[in-house]
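Asker: Pasted the sequence and its predicted model underneath.
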Amino acid sequence: MILAAGLGTRLRPLTLSHPKALVKLCGTPMLERVIVRLKSYGITDITVNVHHFADQIRDFLKANNDFGVTIHVSDETDLLRDTGGGILHASRFLEGTESVVLQNADIYTDFDLHKMIANHTASGADVTILGEERETKRYLFYDETDRLRGWGNLATGEVRPEGFDMTESGLKRRAYGCVQIFNPSAVLPLLRSYSPGEEKFGIFPFYIDNRERLDIRNYTPAESYRWFDIGRPESITHAEEVLKGILK
């Protein structure tokens, strides 16, 4: 599933007339880059959620014959549901025994997805989250076994769950890399009971609240890789400077 429904407010004025998923990196729309990357790893059944300029995304997919894969469009034009609500709203396309790879449309990365999938399968986790070793204000915190224990905002002191101690010995912090893998048979039933009305809610409050029911683990690639959040005009400029001559 590719999360492509956001308003892209950080990318204005580019997103005043286009969805953020169609903003280009080195001349190619980000949505295309993510679809082609997933396809290169053998993923041929993809769900894309839409809200902001939804028709432009539908037209783009149609004009490119869905890039030779099966694409389901999860329509959120009536309500932008955030990550958790978006997954729940698209659940009819995600059910089954196969794990679901979830990625934001505005993230460019080139780490080996096969290795993350293999790690997820071997660990027996219900959810595996790409953890970035980079500086930010908000972190996910994991214990010695890489299981999720909490979330915290270093700038404000806000934590989840209530009373969580970000300074506890043995915890390691990771920034969310905007890629995750989850088992729908474990996650979707809990999502439905968490928010029966499919209202707007984030996936991480759900994960934190269900950290004892679900085996949620961190994954940080051992090899170096590139990762860019194409969420601001200056981020695009920086990424294009680094990737010039690398991306086609």
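Answerer: Received it, and whenever you're ready, just let me know what you need.

Asker: For the protein, which strand extends over the most residues?
Answerer: If you go by DSSP state E, the chain has its longest strand at strand 172-182.

Asker: So which elements touch the following helix or strand past that one?
Answerer: In the C-terminal direction, the helix or strand that comes right after strand 172-182 (DSSP states H and E) is helix 184-194. Other helices and strands packing on helix 184-194, by 3 or more C-beta pairs under 8 Å, 6 or more residues apart in numbering; DSSP states H and E, are helix 82-89, helix 91-94, helix 203-209. Where you see a C-beta, it was placed from the backbone N, CA and C, and this is true even at glycine.

Asker: For the chain, just list every one of the strands.
Answerer: Under DSSP E, the chain gives strands at 2-3, 24-25, 28-29, 45-50, 70-75, 100-104, 107-109, 127-132, 138-142, 148-153, 159-160, 172-182, 216-219, 227-229.

Asker: Minimum distance to S235: which of those has it?
Answerer: strand 227-229 (5.8 Å; C-beta to C-beta).

Asker: Pull the residues that contact the closest one.
Answerer: 25, 106-109, 111, 132, 134, 177-178, 235, 238-239, 242-243 (C-beta atoms under 8 Å, 6 or more residues apart in numbering).

Asker: and if you look at stretch 159-179?
Answerer: Residues from elsewhere that reach stretch 159-179, judged by C-beta under 8 Å, 6+ apart: 101-104, 107, 109, 113, 116, 129-136, 138-144, 149-154, 204-205, 208-209, 211, 218, 220, 227, 229.

Asker: and the gap between K62 and L22?
Answerer: Relative to L22, K62 is positioned 13 Å away (C-beta to C-beta, to the nearest Å).

Asker: Thank you, goodbye.
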